[in-house]
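# following is a predicted model, sequence given first.
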Amino acid sequence: MRRQLRLVPVFVAAALVGTTSGVEAMVQDVYNSSNDSYQQTNHWCVVASAQTWLKYIPASTVPTQSALDAFMSSHDRAHYANGGHDPYAWAWAMYNYTPGGYGFNWYSQSDTYMDWEIVLGIRATNLPVGAIVENGKHAILVLGYSDLNDPWADKTQQINGFYIFDPWFGYKGGGVNSGMAYWGTGFQPNSYIAYSTWNSLYFTGTGSSWDGYHVAVLRSATDAAPVMSHRPQTYGDYKYNQLGLPASQAQLAAAPDSSSVSLTSAVRRGLDENGLGTGGALGVDLTGYRIGRSVHVDSLAAEVPSYDLVEIDVANQLKAVAMVTESGGSYEFAAVTPWTGTWNLPLSGTIDGALAKAGMRGPGHLVWAWTQDGGSPFLPMVAGTDAQASTPAFLTPQGRQNAISLIPGETPARH
């Protein structure tokens, strides 16, 4: 594809969001629902993430997922038996289908370093950036961030969290055909992940591949094609350095202790500290919210804490669901997703009824970890027993399974 030079002005949509504690945070969230592209059958998260990202960039060509899949297959660093794609191919697709003046590359470093590259990338372009998550098994877009101050200001910086677009949302009906329709479909678009959870649970590196570091696909400071080594400066760093300010890494504030003694206080504190007490950039109005029912989810992996999902209701209608992790008898706000469906968190009778339809029996209990089949923590699995053989079995978004395959880097938890 011939690339034609086109200069596009950048208008930054950001806002200062206040909290009841009197602290203002800068929130920049570029989400536009008209750009959503979810994983289509037989295609992968990298393809859907790239297609969505291209829709945000003016004058880009937006091919079908089949065309993107074919293009990426010819640019992957290696051949993948499962048909998936890698960050190098993702950067090539972005480079190929965007107008002249845009360059992209994959970048890797420590989690904190890449967190700030993500923030600066969004700040500089007013566009999403790509991230490889779940130990290298999944690709998403980061739509925005919440920071203590403007990242371009010569002030103390402290990331509060990130807004994300997960293309797995809705994939394969999100469990609708597996007896789990009551769950909805996991991470709704523009879900928010608190920084306390981002690196420990989601942006967890790539294992032995891709330098073993945390990987993001970012706009680069040049219009050159992607390369495997000696990658150019990121566009975010280029724009920041033009300001003549100190390196952002040198003025980071320590993250506050946000643990609480109860689920209710953890949710309330988390919403307040992240500027979400009235909904903020989530896109739902949480004014006058109350805390509703909750369900407990046991972790299947030693690296992942057990957690609770908590309903956030407004006028007796479910508007959002918060995730709260458990550790040492305390609770910590981890994430929140808008809830646009008509379902609520399931009761034990609903869970056992779903097990019975799958040839299983209860009592069932909710479990979760990152698995080879995908699925966010807002879409946990149900552990039960085979009705005939009395052996363990699981109800997952893909249907019934007799065993769960954890992703590399996770070890089975002991309960």
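Happy to help now that I have it. Numbers count the residues shown, from 1 in each chain.
# for the stretch 51-200 of the chain, what spans make up the strands?
Secondary structure of the stretch 51-200 of the chain (DSSP state E, counting those that start in this stretch): strands at 104-109, 129-133, 138-147, 159-165, 191-194.
# possible to save the ones you listed as CSV with mean neighbour count?
In this view, the C-beta of every residue, glycine as well, is placed from N, C-alpha and C. Output for those, formatted as CSV (neighbours: other C-beta atoms under 10 Å):
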stretch, mean neighbour count
strand 104-109, 24
strand 129-133, 27
strand 138-147, 26
strand 159-165, 26
strand 191-194, 27
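# dump those strands to JSON lines, plus mean pLDDT and distance to Val46.
Below are the strands of the stretch 51-200 of the chain laid out as JSON lines (pLDDT from 0 to 100; distance: least, C-beta to C-beta, whole Å):
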{"stretch": "strand 104-109", "mean pLDDT": "95", "distance to Val46": "11"}
{"stretch": "strand 129-133", "mean pLDDT": "95", "distance to Val46": "8"}
{"stretch": "strand 138-147", "mean pLDDT": "95", "distance to Val46": "4"}
{"stretch": "strand 159-165", "mean pLDDT": "95", "distance to Val46": "13"}
{"stretch": "strand 191-194", "mean pLDDT": "95", "distance to Val46": "19"}
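# out of these, which gets nearest to Ser327?
For Ser327, the closest of those is strand 191-194, at 14.0 Å, according to C-beta to C-beta.
# strands paired with the closest one, and their directions?
The pairing partners recorded for strand 191-194 under DSSP bridges are strand 159-165 (antiparallel), strand 330-338 (antiparallel).
# how distant is it from the center of its chain?
7 Å (C-alpha atoms, centre = their mean, to the nearest Å).
# which residues sit against that strand?
For strand 191-194, the surrounding residues in contact (C-beta atoms under 8 Å, 6 or more residues apart in numbering) are 146, 160-164, 166, 202, 258, 270, 274, 276, 280-282, 333-338, 378.
# now stretch 353-369
For stretch 353-369, contacts defined as C-beta under 8 Å, 6+ apart pick out 178-180, 182, 295-301, 304, 307, 346, 348, 351-352, 375, 377, 380-388, 393-395, 399-400, 404, 406-407, 410, 413.
# and these, which of them are buried?
With burial judged by 16 or more other C-beta atoms under 10 Å, the buried subset of the contacts of stretch 353-369 is 178-180, 182, 295, 297-301, 304, 307, 346, 351-352, 375, 377, 380-386, 393-395, 400, 404, 406-407, 410, 413.
# from those residues, which ones fall inside strands?
If you go by DSSP state E, the buried ones among the contacts of stretch 353-369 have 295, 297-299, 307, 381-386, 393-395, 400 in strands.
# identify the residue nearest Leu201 in space, chain neighbours excluded?
Once flanking residues are discounted, Leu201 sits nearest to Val304: 6.3 Å by C-beta to C-beta, 6 or more residues apart in numbering.
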